[in-house]
Each structure stands twice: as structure tokens, then as C-alpha cells.
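**Student:** quick one: sequence plus predicted model below, questions after.
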Amino acid sequence: MQDGSPDPQQRAIVPFGSNGRVSAPRAPRGAIMLALGLLVSLFLPFAGIMLTAYGMRELAEARGSRGLAIALIEGLALLAVSFLVGPGLGFLLAPIVVCCWGISACMWRTATVTNVSIAIVVAGLVGYGVDAFIAAASGTSVHETAVAYLMQGVRDSVGTGVSAELVTTQLEPLVEAIWPLMYVLSAMMDGLLAGIGSFLSGARCGRTPQAPSIARFDAPMWSVGVLAISVVCLGASFTGFPEAEVLRTVSFTVLMSVRFIFACQGFGVVSALMARKRIGCFTRTVCIFLLFWSEAMFFLMSIVGLIDVWANFRRLPRDGSHAQAQQ
């Protein structure tokens, strides 16, 4: 610079993206990272998922669509080996392979709300299928196993005594309705970790110059339709027909799952507002904590996000091409 001051990127503690250290993607390194990630997943799932997605993304960067195919074949081959070593290992790794491959494929192309949601749903269904197979082999059902597991968690949380037993009894119908949500939440957590690993791999290869910003998050219109249908079906489930409980469980699970999309939309609105007002770090941290609490208690951010679909508080471009890209 002419005034002699250092460039802002040179002052950065950790240079990022295209301004940082860029390494050409190499397929052998990606394959090794993939195998290492699955191995680590057996002991440290959080780190293992990121490493697995990192390796899959590097294979995609190195070989394109062929690299994604190689990543899938390698993942399935290692999955088969794990089943031969011990069925429990294979059941543990199956959802991880599916989730990491799906998220890496989405982020290698263009990660939209739609394709990422599909990847998470598929990973959640795989996790459910694995548990259903194990439960059937044990002579029980995944419903009974999941509800018993969640109810034990409730009992451990509320403690013992008359009042605790009353709370447990009151929460049991809710647990009966939301138990499949545990598979969605598990898949979402795996997807988040896989997204971090894939993002870091893409940044190292120079493909991702900056981190995604939640302030630009924009929900597609199909999520509104899914929300409306789930609400209608949830209301219909209280009419008392034979399969009402099944419909109630499915509707409530879908409702609570799609709610996360609108929660992200709401947090995006608040994040953009705080950036525009230049709110300080401490105040921003306190606000975020309060917003998370309000979302957990009252679904406040989900309501804000749903309103923003029409109100467009951030004045995001929503022409036809944008809508098509989002959906």
C-alpha cells in the first residue's frame, strides 16, 4: 500500500480461502483422508465425520464427478469391510458414509437449502433403517426402543419423587409423538460436521474464498408448503381415525424438522440487522444467547423467519432466477 501500512490480509492471523495457503487437490490424499476419517469415526465421531467429508471433497476437487464416484465406491467398500470385522461397526458407519458423501456432493456443486435438506433426510432415513434392523433382530421395534431410550433420559433429568413422576407422565405423549426427530437431529449434526470438513477442504483447494454467511440465508418456498401440509395433517390426526397416531408422529416430526429452516431464516434476519447496526461483540453474544433461548422456548426465530419469507426484511433479491436457484 502507498501509505506503508500492511495489507489487511497480511495482518490476518490465519489467512483464509484464496488469500491463504492453497494446495492443489490430490486424489490419493483424499482417499487416505476418507479412510482415516472412517477409522477415527469409530472413536471420535465428530472429528471422524469432518475428516471423511474432507477426503470426499478433495476427491471431488481432484477428479470431478469421477472423484465423487470414487469416494462413494471407497466408502461403500470400507463399509463392507467394517461389516465383515463386526456388524456393529458397519451399522455405526453407514449413516456417516451417506451423510458425508451427500453433503460433499452438494458443496462441490452448489449447496442449496433443497439439496442439503435431501441429503439430511436420506441420512436420517439410513440411521432409522439401521436401528429398525437391529431392533427387529432383537425381537422388538425401533419405536419401542427409541421411546424407552428417550423416557429414560427424561427420568434421569427430572429425578425421583411424586412431582418428577407427574412430569414424566405428562411428557410421555410428547415423546411418543416426536421420537423420530432424534434421527433428524442426529443427521443434522452429522451434516453440519460434514459441511465444515467439506468447506475446509474446498478452501484449501482454493474453491471457497469466504465462509458462508447466515445473513444471506433465504428459505425456498417449498418449505412453506411442507409446513402448511404438516400443520393440516397434525390437526387431522386428532380426529380419532385408526392411523391417527402414526399421522400425528409423522406430521409432528416433519413440522419440527422444517422449522429449523425458518429458524435459520430468522437468525439470518437478526444477523443482518446486527451487522447493519454494528453491534459490538459482547452485546452480540448476549443477544445470540437470548435469541437461542427464545427459539427453544417460544419458536421466536422460526416465526420471524416465516414472516420474512413474504416481508423480506433484508431486501434480498428474489427474482425468478433467484427463486429457482434457491429451490
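**Tutor:** Nice, thanks for sending it over.
**Student:** break this protein into its domains for me.
**Tutor:** As given by automatic domain parsing, the domain ranges for the chain are 21-134+185-212, 214-327.
**Student:** what's the closest of these to Leu166?
**Tutor:** domain 214-327 (21.0 Å; C-beta to C-beta). Any C-beta I mention is one placed from the backbone N, CA and C, and that applies to glycine too.
**Student:** give me the average confidence score over the closest one.
**Tutor:** What domain 214-327 shows for mean pLDDT is 89.
**Student:** one more: stretch 166-182?
**Tutor:** Averaging pLDDT along stretch 166-182 gives 91.
**Student:** contacts for it next, please.
**Tutor:** The set of residues external to stretch 166-182 that reach it, using C-beta atoms under 8 Å, 6 or more residues apart in numbering, is 128, 143, 146-147, 150-151, 154-155, 158, 245, 248-250, 252-253, 256-257.
**Student:** ok so, going back, please work out which of the domains of the chain is packed deepest.
**Tutor:** Ranked by mean neighbour count under mean count of other C-beta atoms under 10 Å, the domains of the chain are led by domain 21-134+185-212, which reaches a mean of 20.
**Student:** residues contacting Asp276?
**Tutor:** One thing to correct before we go on: residue 276 is Arg, not Asp. Contacts for Arg276 (C-beta under 8 Å, 6+ apart) come out as none.
**Student:** hang on, the earlier thing: so which of the contacts of stretch 166-182 sit within helices?
**Tutor:** Among the contacts of stretch 166-182, the residues falling in helices (DSSP state H) are 128, 143, 146-147, 150-151, 154-155, 158, 245, 248-250, 252-253, 256-257.
**Student:** list the contacts of the residue most central in space within the chain.
**Tutor:** Nearest to the mean C-alpha position of the chain, by C-alpha atoms, centre = their mean, lies Met188 at 2.6 Å. Taking C-beta under 8 Å, 6+ apart as the criterion, Met188 is in contact with 120, 260.
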